[in-house]
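Visitor: any chance you could fold what I've pasted below:
(one chain, ligands or ions: 1)
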Amino acid sequence: MPERKFAVIGHPIGHTMSPFIHKRLFELAHADGEYAIFDVSPDELSVKIKTLDELSGYNITIPNKQAIIPYLDRLDKKAALYGSVNTVRNGSERVGFTTDPNGFLKALAYADISFSGNIAIIGCGGAARTFLYEAALAGCHITLAARDIGKADVLAKEAVSKIPDADISTCLISDLNGEFDLLANATPVGMYPHVDHIPVSDKALAKCKNVFDAIYNPLETVLIQKAKANGSNAVGGMSMLVWQAVAAHEIWDGSTYDINDIDQLIEDSAVEMKKIFYK
Ligand code: NAP
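Guide: A predicted model of the protein is given here:
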């Protein structure tokens with residue numbers, strides 16, 4: 001019987017890939033760990049935090065990524081920069097981390113996508129913030145495109161306030177134009193069940209050398225399919241999802257993994273996703 005307990009907490013928390021991915025990561029690392037799903041709303045955190053303290057660690061999803069922060073003793077540097085936590089390590093203190101940035105960077109690196117030059121980011125939500133801050137930290141020239149230019153301006157201003165050297169211009173998605181080393185979609189456009197949707201025009205897409213889509217359901221969005229047909233290097237979000245989970249195990253246990261095992265997990269996660277979402 002595993003003695004150490006872990007969980008993902010969110011609200012509402014229905015379909016989630018987390019148990020499948022984390023259980024496999026414990027197995028691969030020969031580490032002891034049970035992994036559960038807890039439905040906890042931000043209002044319940046003050047009462048449930050004692051139950052959460054019984055866990056060795058946990059993952060946090062929407063809508064608790066900011067709400068958990070007042071209950072933590074400390075944030076690591078990246079979680080503090082983002083003001084967002086998706087992983088907690090319990091021990092002598094409750095420490096908050098965010099592993100999405102690491103997951104994003106690893107997904108690009110393992111797809112041989114160099115994170116430099118002119119980058120277009122589409123969207124202004126949580127995933128866009130991750131892509132934007134990381135692109136700014138990497139010294140990229142960034143175009144942030146949204147359907148609401150006001151929201152793009154607010155996010156760009158926020159990024160510059162935290163990363164003063166950030167080089168960001170904003171535009172409407174419909175006005176996106178230019179040659180980009182990387183186009184990163186951070187909108188749900190093209191996500192199941194609206195799988196025939198695409199966030200940018202064919203004309204804009206044709207000028208992008210590399211394409212990353214945060215969406216992992218479906219595994220290959222129309223955006224990724226078209227980018228590949230154009231001869232661009234393109235990768236979908238399943239890789240990021242798995243790598244951000246790997247980063248949590250590095251935090252909890254210092255676990256390290258063979259790249260072949262992670263590639264296999266990404267493939268198997270795609271199969272599992274079909275079982276979870278398309279049944
Ligand atoms: P979010 O915080 O809700 O932000 C979504 C963004 O997309 C907003 O800027 C929204 O604009 C924009 N948007 C929504 N519908 C649009 C449309 N029809 N046209 C243009 N823009 C539209 O969501 P998120 O957490 O950033 O997630 C975005 C996507 O990334 C989701 O598909 C999610 O599953 C995926 N994701 C993947 C990973 C991974 O590990 N692979 C991690 C995080 C997220 P408005 O503000 O104007 O509505």
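Visitor: do me a favour and get the end-to-end distance for stretch 232-240?
Guide: One end of stretch 232-240 to the other measures 19 Å (C-alpha to C-alpha, to the nearest Å).
Visitor: near the ligand, anything from stretch 201-216?
Guide: Yes: counting by C-beta under 6 Å from any ligand atom, the ligand is contacted by stretch 201-216 at A214, I215, Y216. Heads up, the C-betas are built off the backbone N, CA and C, glycines and all.
Visitor: most surrounded residue in those?
Guide: A214 (26 neighbours; other C-beta atoms under 10 Å).
Visitor: that residue touches S239, doesn't it?
Guide: No: taking contacts as C-beta atoms under 8 Å, A214 lies outside contact range of S239: 10.5 Å.
Visitor: how far away is G123 from the ligand?
Guide: 4 Å (C-beta to the nearest ligand atom, to the nearest Å).
Visitor: S18 now?
Guide: 11 Å.
Visitor: I'd guessed that residue sits against N59; true?
Guide: Yes: judged on C-beta under 8 Å, S18 makes contact with N59 at a distance of 5.9 Å.
Visitor: between these two, who's got more neighbours?
Guide: Per other C-beta under 10 Å, whichever of S18 and N59 has more neighbours is N59, with 25 against 22.
Visitor: surely that one is within a helix?
Guide: No: under DSSP: H, G, I helix; E, B strand; the rest coil, N59 falls outside any helix and is assigned strand.
Visitor: in the stretch 101-250 of the chain, which residue sits closest to the ligand?
Guide: G125 (1.9 Å; C-beta to the nearest ligand atom).
Visitor: that residue reaches A186, doesn't it?
Guide: Yes: if you go by C-beta under 8 Å, G125 and A186 touch, sitting 6.6 Å apart.
Visitor: ok, these two, which is more surrounded?
Guide: Under the criterion of other C-beta under 10 Å, the comparison of G125 against A186 puts A186 first, with 27 against 14.
Visitor: which SSE is K209 in?
Guide: strand 208-213 (DSSP states H and E).
Visitor: ignore what I typed, I meant A270.
Guide: A270 belongs to helix 259-277, assigned by DSSP H and E.
Visitor: identify the residues contacting that helix?
Guide: 15, 17, 20-21, 24-25, 28, 110, 192, 216-217, 219, 238-239, 241-243, 246 (C-beta atoms under 8 Å, 6 or more residues apart in numbering).
Visitor: briefly note if that helix comes near the ligand.
Guide: No: judged by C-beta under 6 Å from any ligand atom, helix 259-277 and the ligand are separated, with a smallest distance of 10.7 Å.
Visitor: can I get that helix in CSV? Just the C-alpha atoms.
Guide: Only the C-alpha atoms of helix 259-277 are listed here, as CSV (Å, rounded to 0.1, in the frame of the first residue of the first chain):
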residue,chain,number,x,y,z
ILE,A,259,13.5,10.6,-22.5
ASN,A,260,12.3,7.4,-24.2
ASP,A,261,10.0,6.7,-21.3
ILE,A,262,8.6,10.3,-21.5
ASP,A,263,8.1,10.0,-25.3
GLN,A,264,6.1,6.7,-24.6
LEU,A,265,4.1,8.5,-21.9
ILE,A,266,3.2,11.3,-24.3
GLU,A,267,2.0,8.7,-26.8
ASP,A,268,0.1,6.7,-24.2
SER,A,269,-1.5,9.9,-22.8
ALA,A,270,-2.9,10.5,-26.2
VAL,A,271,-4.6,7.1,-26.2
GLU,A,272,-5.8,7.6,-22.6
MET,A,273,-7.2,11.0,-23.6
LYS,A,274,-9.4,9.4,-26.2
LYS,A,275,-10.8,7.0,-23.6
ILE,A,276,-11.5,9.8,-21.2
PHE,A,277,-12.9,12.5,-23.5
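Visitor: in it, what counts as buried?
Guide: Of all the residues in helix 259-277, those buried under the rule 16 or more other C-beta atoms under 10 Å are I262, L265, I266, S269, A270, E272, M273.
Visitor: show the average pLDDT along stretch 160-173.
Guide: For stretch 160-173, mean pLDDT is 98.
Visitor: please identify the buried residues of that stretch?
Guide: Neighbour count says stretch 160-173 has I163, A166, I168, T170, C171, I173 buried, by 16+ other C-beta under 10 Å.
Visitor: next one: stretch 217-227
Guide: N217, P218, L219, E220, T221, V222, L223, I224, K226, A227.
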